[in-house]
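Next comes the sequence, and after it the predicted model I'd like to discuss.
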Amino acid sequence: MELDVFLLKCGTLIVFHGYGSDENPGWLKGYCTQSEGNILDLDYEQVQNLTFDKDGEEFACGADRIEGSKIPKLEEVLKLAKHMNFKVTIEMKGPGTAEPCLGLVEKLDMVDQVVFSSFEHTRIARIRELRPEIVVDRETKRPTHRYKTGCLFVEPPPNFVSIATCVGASEVHLKYDLCTKDRIEMIHTAGMDSMAWFRGHIGMHEDATERYKDVGNEDELMYKTMIATGVRKLCVNRPDMLVSTLTYDST
């Protein structure tokens, strides 16, 4: 599971995606019927009074799945994930999220289930500053950070591996269409893990119809193309298709 997390002005951590850029996230437009404003300007009581726009294009599920739903606390979602033994990537989307996210994960005893990620790499550096602990990986038998962190990139600069290394990242997360064999090899050579993340369903539809006509919208061929780069994780919109692809390959 990958979760976008914001810290409200009252100190509550909530799970919400929202409209906007990575530098200016959290706008209600397209997600809530109260389309003006930003989630960061609200407290938890105000957030609970928001209603989702059931006719909004941002939601991949049908209106019946979101009508009457509320924006959840991060703690609620993590408790469910712990019960179901899910691995969770917490994308620290808004400011001030590093310390409270870390504290909550430790409170719930979920350190080994969580990766902390962000496009704002100072948040990754803060997690590493607070928790530099090194352990021996059970599978590889190599030293690794116990607290996993992932540097997110949209357009990775030539020195992206150096940037990730300098902030103590244990993983690098690249946008799927910039995830190449050479970049993945660079990441692994530096001792970090890799992940390719896909755009939301609207963005993926645009890519499939306007940019990349040799593969479909997260179809089997697209997933096989990504797996061929050597990337170790995929953050996708269609986990059922991915599981089907992996199951078919294994047989």
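Yes, it's here. Residues are numbered from 1 along each chain as shown.

going forward, measure contacts between C-alpha atoms and count neighbours the same way
OK.

the helices in this protein, which residues?
44-48, 63-66, 74-83, 98-107, 121-130, 160-166, 181-189, 201-206, 220-227, 239-250 (DSSP state H).

how long is stretch 101-117 from one end to the other?
Between the opening and closing residues of stretch 101-117 we find a distance of 11 Å, counting by CA to CA, to the nearest Å.

Can you point out the buried residues in it?
Across stretch 101-117, burial judged by 16 or more other CA atoms under 10 Å covers 101-102, 104-105, 110-111, 113-117.

ok so, going back, just tell me which of the helices of the chain ends up closest to T89.
Taking CA to CA, helix 74-83 is the member of those nearest to T89, at 10.5 Å.

hmm, back to that, mind putting the helices of the chain into JSON lines with mean pLDDT and distance to K9?
Rendered in JSON lines, the data for those read as follows (pLDDT from 0 to 100; distance: least, CA to CA, whole Å):
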{"stretch": "helix 44-48", "mean pLDDT": "95", "distance to K9": "8"}
{"stretch": "helix 63-66", "mean pLDDT": "84", "distance to K9": "25"}
{"stretch": "helix 74-83", "mean pLDDT": "98", "distance to K9": "15"}
{"stretch": "helix 98-107", "mean pLDDT": "98", "distance to K9": "13"}
{"stretch": "helix 121-130", "mean pLDDT": "98", "distance to K9": "18"}
{"stretch": "helix 160-166", "mean pLDDT": "98", "distance to K9": "29"}
{"stretch": "helix 181-189", "mean pLDDT": "97", "distance to K9": "37"}
{"stretch": "helix 201-206", "mean pLDDT": "89", "distance to K9": "30"}
{"stretch": "helix 220-227", "mean pLDDT": "92", "distance to K9": "39"}
{"stretch": "helix 239-250", "mean pLDDT": "84", "distance to K9": "34"}
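
Make JSON lines from those and add distance to V172 to it.
What follows is those, written out as JSON lines (distance: least, CA to CA, whole Å):
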{"stretch": "helix 44-48", "distance to V172": "32"}
{"stretch": "helix 63-66", "distance to V172": "32"}
{"stretch": "helix 74-83", "distance to V172": "23"}
{"stretch": "helix 98-107", "distance to V172": "18"}
{"stretch": "helix 121-130", "distance to V172": "11"}
{"stretch": "helix 160-166", "distance to V172": "7"}
{"stretch": "helix 181-189", "distance to V172": "7"}
{"stretch": "helix 201-206", "distance to V172": "21"}
{"stretch": "helix 220-227", "distance to V172": "15"}
{"stretch": "helix 239-250", "distance to V172": "21"}
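
of all these, which lies closest to V154?
Among the helices of the chain, the nearest to V154 by CA to CA is helix 160-166 (10.7 Å).

Name the residues that touch stretch 214-226?
Contacts to stretch 214-226, defined as CA atoms under 8 Å, 6 or more residues apart in numbering, come from residues 176, 179, 196, 204-205, 207-208, 237-238, 241-242, 245.

E36 is nearest to which of the helices of the chain?
Nearest to E36 among those is helix 44-48; the distance by CA to CA comes to 13.0 Å.
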